[in-house]
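Enquirer: Can you look at this prediction? I've put the sequence above it.
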Amino acid sequence: MTPDEFRELYERLRRQAPGEAARPAVDDRCGALRHLTPERVAAAAAEVRLGRSVSLAAPIDTVRGPDDPEPAVHRMTGPSPGDVASGALCFATDRFAMNVHGDADSHLDALCHVVFDGELYGGVPAGTVTAEGARSLSVSLVENGIVGRGVLLDIPRLRGVRWLEPGDQVTPDDLTAAEAAQGVRVGPGDLLFVRVGHRLRRTELGPWNAAEARAGLHPAAVEFLAEREVAALGGDGNNDTAPSAVADVAFPVHVLAIHALGIHLMDYLQFEDLVPVCARAGRWSFLCAVAPLRLTGATGSPVNPIAVL
């Protein structure tokens, strides 16, 4: 995609952003979550038939690797050997820290995460993000969680491969073909999850520098999200390919989805536990609950989405 084609697509999608003219205040801007109405949340409960819950998050990694140069840090702070030896009441305690937007751990991107043309989503000035945190569009917009109908489209399954190789791209035709092959259709307010097999490849072949080479969506696929009025998008990679499909725009899918459409993204999930459950059940939709941490002013959060079938 040429830079001019990307710019035209960006402007077209931005004009389609939900409720753009109806937002009375910056902090009321919830973006594409406006598609996720109370009626659609209630209807999503009907997806539960097996009573089976499955995590869509990968285990948090504390080991340095080529895709994780700043791994999460987990440190035990108690009890001390003396506490244990004393026989008195004591507690096991620990501390945890992580780089939220890395290339290994499952996380959710807030609407303040992408700065493009000097602005955040909806024309909010980029200066609202300061050293003290984001004053607008932070992860606190979803402090009550994102709950709705989840749909998993498995692109390696469609193509008859175990995973897509780094650099490969998921097209709009791939998404519609996966729908047909799996007997499911993505609709308004859905939480769409697109599997490229990144996590399986990493598990079997070992980690690599995903910042330089990874499979993901082609920018044109974001039109599919807009047409179907998707509320949130999650992938088992970064959602963007590397190298980028657009010269001079490193993360075109992030720009189009977050900045133009106001879609919350979830990166580096894992679907290897969910795929066999969906395959055995013969259906690829489910109730999904996404619960980020309740943080103030944060640009994202570690996340553990739960699919309930």
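Expert: Noted; the coordinates are in hand.
Enquirer: From here on, just use CA atoms for contacts and neighbour counts.
Expert: OK.
Enquirer: Could you pull up the residues touching residue 264?
Expert: Residues in contact with residue 264, defined by CA atoms under 8 Å, 6 or more residues apart in numbering, are 32, 108-111, 231-233, 257-258.
Enquirer: Export those residues as a markdown table, with columns for distance to residue 305 and secondary structure.
Expert: Shown next, in a markdown table, are the contacts of residue 264 (distance: CA to CA, whole Å; DSSP: H, G, I helix; E, B strand; the rest coil):
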| residue | distance to residue 305 | secondary structure |
| --- | --- | --- |
| 32 | 18 | helix |
| 108 | 10 | strand |
| 109 | 13 | strand |
| 110 | 15 | coil |
| 111 | 18 | coil |
| 231 | 14 | coil |
| 232 | 12 | strand |
| 233 | 12 | strand |
| 257 | 19 | helix |
| 258 | 19 | helix |
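Enquirer: how about those, which pair is most distant?
Expert: The most widely separated members of the contacts of residue 264, counting by CA to CA, are 32 and 108 (14.5 Å).
Enquirer: Tell me which of those two has more neighbours.
Expert: Taking other CA atoms under 10 Å, residue 32 and residue 108 do not tie; residue 108 has more neighbours (29 against 24).
Enquirer: centre of the chain versus the helix or strand bottoming out on mean pLDDT in the chain, how much separation?
Expert: Comparing helices and strands within the chain by mean pLDDT, DSSP states H and E singles out helix 81-86 as the least confident, with a mean of 91. A distance of 43 Å separates the centroid of the chain from that of helix 81-86, by CA atoms, centre = their mean, to the nearest Å.
Enquirer: Report the distance from the lengthiest helix in the chain to the chain centre.
Expert: Assignment by DSSP state H gives helix 3-16 as the longest helix of the chain. Its chain's C-alpha centre and that of helix 3-16 lie 22 Å apart, by CA atoms, centre = their mean.
Enquirer: Out of the contacts of residue 264, flag the one nearest to residue 9.
Expert: residue 257 (11.2 Å).
Enquirer: Need the nearest residue in space to the closest one, chain neighbours excluded.
Expert: Computed as CA to CA, 6 or more residues apart in numbering, the closest residue to residue 257 that is not its neighbour in sequence is residue 263, at 5.3 Å.
Enquirer: Next up, phi/psi of that neighbour, please.
Expert: With angles defined as degrees, to the nearest 10, residue 263 sits at phi -100, psi 120.
Enquirer: does it really touch residue 34, like I thought?
Expert: No: between residue 263 and residue 34 there is no contact, the gap being 10.0 Å when judged by CA atoms under 8 Å.
Enquirer: Between these two, tell me which one has more neighbours.
Expert: Between residue 263 and residue 34, counted using other CA under 10 Å, residue 263 has the larger neighbour count: 29 against 18.
Enquirer: Identify the residues contacting the more buried one.
Expert: Residue 263 is in contact with 31-33, 111, 230-233, 257, counting by CA under 8 Å, 6+ apart.
Enquirer: Same check on residue 115?
Expert: Residues in contact with residue 115 (CA under 8 Å, 6+ apart) are 121, 126, 259.
Enquirer: And the longest helix of the chain, what does it pack against?
Expert: Counting contacts by 3 or more CA pairs under 8 Å, 6 or more residues apart in numbering; DSSP states H and E, helix 3-16 packs against helix 222-228.
Enquirer: other SSEs contacting the helix it packs on?
Expert: In terms of contacts (3+ CA pairs under 8 Å, 6+ apart), helix 222-228 is packed against helix 3-16, helix 172-182.
Enquirer: of all those helices, which lies closest to residue 165?
Expert: Closest among these, using CA to CA: helix 172-182, at 15.1 Å.
Enquirer: who are the neighbours in contact with residue 226?
Expert: Going by CA under 8 Å, 6+ apart, the list of residues near residue 226 reads 13, 16, 261.
Enquirer: typed the wrong thing, it's residue 67
Expert: Shown in contact with residue 67 (CA under 8 Å, 6+ apart): 102-104, 207-211.
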